[in-house]
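A.B. asks: Test case, fold it:
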Amino acid sequence: MHRMSHPEREFPESEAREILKNSEYVFFSTVCPDGQPYCVPVSIVVDGNTAYIHGAHYGQKIVNIENDSRVCLSCVSQCRRIPEAFTLSYESVVAVGQASVVADLAERHRALELLCRKYAPDREADIPAAIQNGAIRTGVIRILLTEIHGKRKPNP
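C.D. replies: Down below sits the predicted model:
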């Protein structure tokens, strides 16, 4: 991974993992076959060293990761404007990894269950039926996380 421009702002990987894990959404970046960057916001769930996202079985994300499995995830937390200082305070996380389409139906079910539990925790009773109905139609991408870095800029 690239060196951080302000290494004194880096915080421990364990904190970065928690921020990534608790983010409502992250930006998912891939490389198109022609070399162009591609970035979209996605819902994510983190399970150990693996992150999962879901979507269609086809599309630009799929084309890109089938061509080049290297991906990047990025999120921002605790962002606050400091207009009097012309700056922001924030925490940000950048993670890199290798992505692949999940073909195994049992793993897709597990990933979808984790996503449902994160994004619809009050619908526990409805999760099995939602997974059963959506698992065939829903694509799942697995990201094996290889590096996670966090950076914090506190109030000036």
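
A.B. asks: longest helix in the protein, by residue count?
C.D. replies: Assignment by DSSP state H gives helix 105-119 as the longest helix of the chain.

A.B. asks: Does residue 149 touch residue 13 like I think?
C.D. replies: Yes. Here residue 149 reaches residue 13: they are 7.3 Å apart, a contact under Cβ atoms under 8 Å. Glycine gets a C-beta too; all of them are placed from N, C-alpha and C.

A.B. asks: Just say helix, strand or coil for the residue in the chain sticking out farthest from the centre.
C.D. replies: Centroid-distance maximum for the chain: residue 84 at 32.6 Å, with Cα atoms, centre = their mean. Classification of residue 84 using DSSP: H, G, I helix; E, B strand; the rest coil returns helix.

A.B. asks: circling back: could I have the longest helix of the chain exported to CSV, CA atoms only?
C.D. replies: Output of helix 105-119 as CSV, limited to C-alpha atoms (Å, rounded to 0.1, in the frame of the first residue of the first chain):
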residue,chain,number,x,y,z
LEU,A,105,-24.6,-21.3,-2.5
ALA,A,106,-23.9,-22.0,1.2
GLU,A,107,-21.3,-19.2,1.4
ARG,A,108,-23.7,-16.9,-0.4
HIS,A,109,-26.4,-17.7,2.1
ARG,A,110,-24.0,-17.0,5.0
ALA,A,111,-22.9,-13.7,3.5
LEU,A,112,-26.5,-12.6,2.8
GLU,A,113,-27.4,-13.6,6.4
LEU,A,114,-24.6,-11.5,7.8
LEU,A,115,-25.7,-8.6,5.6
CYS,A,116,-29.3,-8.9,6.7
ARG,A,117,-28.4,-9.1,10.3
LYS,A,118,-26.3,-5.9,9.9
TYR,A,119,-28.8,-3.9,7.9
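
A.B. asks: Cheers, nothing more for now.
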